[in-house]
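Chemist: Just need the structure, nothing else, for what follows:
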Amino acid sequence: MISLHDKKRILNCADTDPNKILPMKYNWAREHYKNGVANNWTPEEVPMQQDVELWKKRGGLSDDERRLILWNLGFFSTAESLTANNIVLAIYRHVTNPECRQYLLRQAYEEAVHTDTFIYCCDTLGLDPDEVYNMYRTIPSIRDKDEFVVQMTKSIFDVRFETKTTQDIQRFIHDLVGYYIIMEGIFFYAGFVMMLSFLRQNRMIGVGEMFQYILRDESVHLAFGADLTNAIVDENPEIWTPEFKKVIAENIKKGVELEIAYANDCLPRGILGLHADAIKEYVQYIADRRLERIRLPKVYGSENPFPWMSEIIDLKKEKNFFETRVTEYQTGGALDWDTAQI
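Modeler: Take a look at the predicted model:
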């Protein structure tokens, strides 16, 4: 006799109660949930007095630096809403497994914290919210990324959509890759490099630390999304055809093109030791990592020009109390970030 544990599936599992989380089958979902809890933070815990002083100081930031900060706040402020909508309105409805749903609820909370972060930044720095929150309309390279994700994930937003047939499940995986692998795994990372470069130079420290915490969250989101994708493919191997894998790879390559275009737009001249060619190489490097994570071959073979990106997410415990209070939520030792392959 097959146990209810063995009958558990990610999709289309009428044999198990979605409210009965024990016994668990997908322990990776539980681990991601616990890692998310370990990262817990809120923006108000991050002091921004030095940021305010630098932002208001005449000559404190160049025009290019101000532009870079505003563009990244503009992209992330609306991108976080897009990701939250995907979780709450679409993915949660189709993923009926309870341990995966528990993680999705945690991720939805984190997206709310990220949204609150950009409200906090706008309020504290005295930014024009109309300027920041309308950049997905006024900046073509931001609009192109947002529109690409909206098109990539439109199927699962259709209230009539179901995951009954092979074609349906392929479409669901197609949209999951658009959301987790491209949106959260590629579209955020040029911005992370740019904003964390300020932190490395001890400038705009508060904003930089918040982006550091967001990066830690997004690393877990990405790892969960890849595991979710792989688990669905394992349970429905008929969907993973050569033709379908080619479609997924081409979508990821298109995402890389859009992120490079955004980086070129956002960084027309070299600042903070950054230049567009290095950003391009980095985006290609992480795209290869994302492809491998969902069992597809690498495309670019680029090296990582920013090895410090893998190090900067390890929050330093030797800061003073006011700088470390966010990290004190992390009580289980250093997290293993290899799964995210930043």
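Chemist: In the top helix by length along the chain, which residues are buried?
Modeler: Counting by DSSP state H, the longest helix found in the chain is helix 205-235. Using 16 or more other CB atoms under 10 Å as the test for burial, helix 205-235 gives 205-233. The C-beta positions use only the backbone N, C-alpha and C, and glycine is treated the same way.
Chemist: From the centroid of this structure, which residue is nearest?
Modeler: Of all residues in the chain, the one closest to the mean position by CA atoms, centre = their mean is E184, 2.9 Å from it.
Chemist: Let's verify it: helix, strand, or coil?
Modeler: Under DSSP: H, G, I helix; E, B strand; the rest coil, the three-state class of E184 is helix.
Chemist: How about T124?
Modeler: Judged by three-state DSSP, the three-state class of T124 is helix.
Chemist: Could you pull up the residues touching the closest residue in space to it that isn't next to it in sequence?
Modeler: Using CB to CB, 6 or more residues apart in numbering and skipping residues adjacent in sequence, the residue nearest T124 is M48, 4.8 Å away. Contact analysis of M48 by CB atoms under 8 Å, 6 or more residues apart in numbering lists 120-121, 124-125, 206-207.
Chemist: Check D51 too.
Modeler: 124-125, 204-207.
Chemist: Where does pLDDT dip in the stretch 201-342 of the chain?
Modeler: Scanning the stretch 201-342 of the chain for pLDDT under 70 picks out the ranges 312-342.
Chemist: Which of the residues in the helix or strand where E259 lies are classified as buried?
Modeler: Under the criterion of DSSP states H and E, E259 resides in helix 242-266. Residues of helix 242-266 classed as buried by neighbour count (16+ other CB under 10 Å): 244-245, 248-249, 251-252, 255-256, 258-263, 266.
Chemist: Counting by contacts, list what that helix packs against.
Modeler: helix 63-86, helix 140-152, helix 166-176, helix 189-200, helix 276-293 (3 or more CB pairs under 8 Å, 6 or more residues apart in numbering; DSSP states H and E).
Chemist: any idea of the angle that helix forms with helix 276-293?
Modeler: 160 degrees (axes from the mean of the first three to the mean of the last three CA atoms, to 10 degrees).
Chemist: let's have the chain start at 867 instead
Modeler: With 867 as the first residue, the last one maps to helix 1108-1132.
Chemist: Let's verify M890: helix, strand, or coil?
Modeler: M890 is classified as coil under three-state DSSP.
Chemist: Let me see the contact set for it.
Modeler: Contacts of M890 were listed using CB under 8 Å, 6+ apart, and they are 896, 965.
Chemist: Kindly report the same for Y999.
Modeler: 940, 943-944.
Chemist: any idea how far I1137 is from the closest residue to G1072 other than its chain neighbours?
Modeler: Leaving aside its chain neighbours, G1072 sits nearest to M914 (3.6 Å; criterion: CB to CB, 6+ apart). M914 sits 21 Å away from I1137, going by CB to CB, to the nearest Å.
Chemist: Also P1103?
Modeler: According to CB to CB, P1103 and I1137 sit 48 Å apart.
Chemist: Neighbour count: the two, which is higher?
Modeler: Counted by other CB atoms under 10 Å, P1103 and I1137 do not tie: I1137 has more neighbours, with 17 against 8.
Chemist: correct me, but that one touches E931?
Modeler: Yes. Under the criterion of CB atoms under 8 Å, I1137 makes contact with E931 at 6.0 Å.
Chemist: quick revisit: any chance of JSON lines for the contacts of D917, columns distance to V998?
Modeler: Shown next, in JSON lines, are these (distance: CB to CB, whole Å):
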{"residue": "T990", "distance to V998": "13"}
{"residue": "L991", "distance to V998": "10"}
{"residue": "M1070", "distance to V998": "15"}
{"residue": "I1071", "distance to V998": "20"}
{"residue": "G1072", "distance to V998": "16"}
{"residue": "V1073", "distance to V998": "13"}
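Chemist: Give me the angle between the helix holding E1125 and helix 1055-1066.
Modeler: Angle between the axes of helix 1108-1132 and helix 1055-1066 is 40 degrees (criterion: the same axes, to 10 degrees).
Chemist: Need the contact partners of helix 1108-1132.
Modeler: 933-934, 937-938, 941, 1005-1008, 1010-1011, 1014, 1018, 1036, 1039-1040, 1043-1044, 1047-1048, 1052-1053, 1055-1057, 1060, 1142, 1145-1146, 1149-1150, 1153, 1156-1157, 1160, 1162-1163, 1165-1166.
Chemist: Any quick PyMOL command for the buried ones out of these?
Modeler: To isolate the buried ones among the contacts of helix 1108-1132 in PyMOL, judged by 16+ other CB under 10 Å, type:
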select buried, resi 934+937+938+941+1005+1007+1008+1011+1014+1018+1036+1039+1040+1043+1044+1047+1048+1052+1053+1055+1056+1057+1060+1142+1145+1146+1149+1150+1153+1156+1157+1160+1162+1166
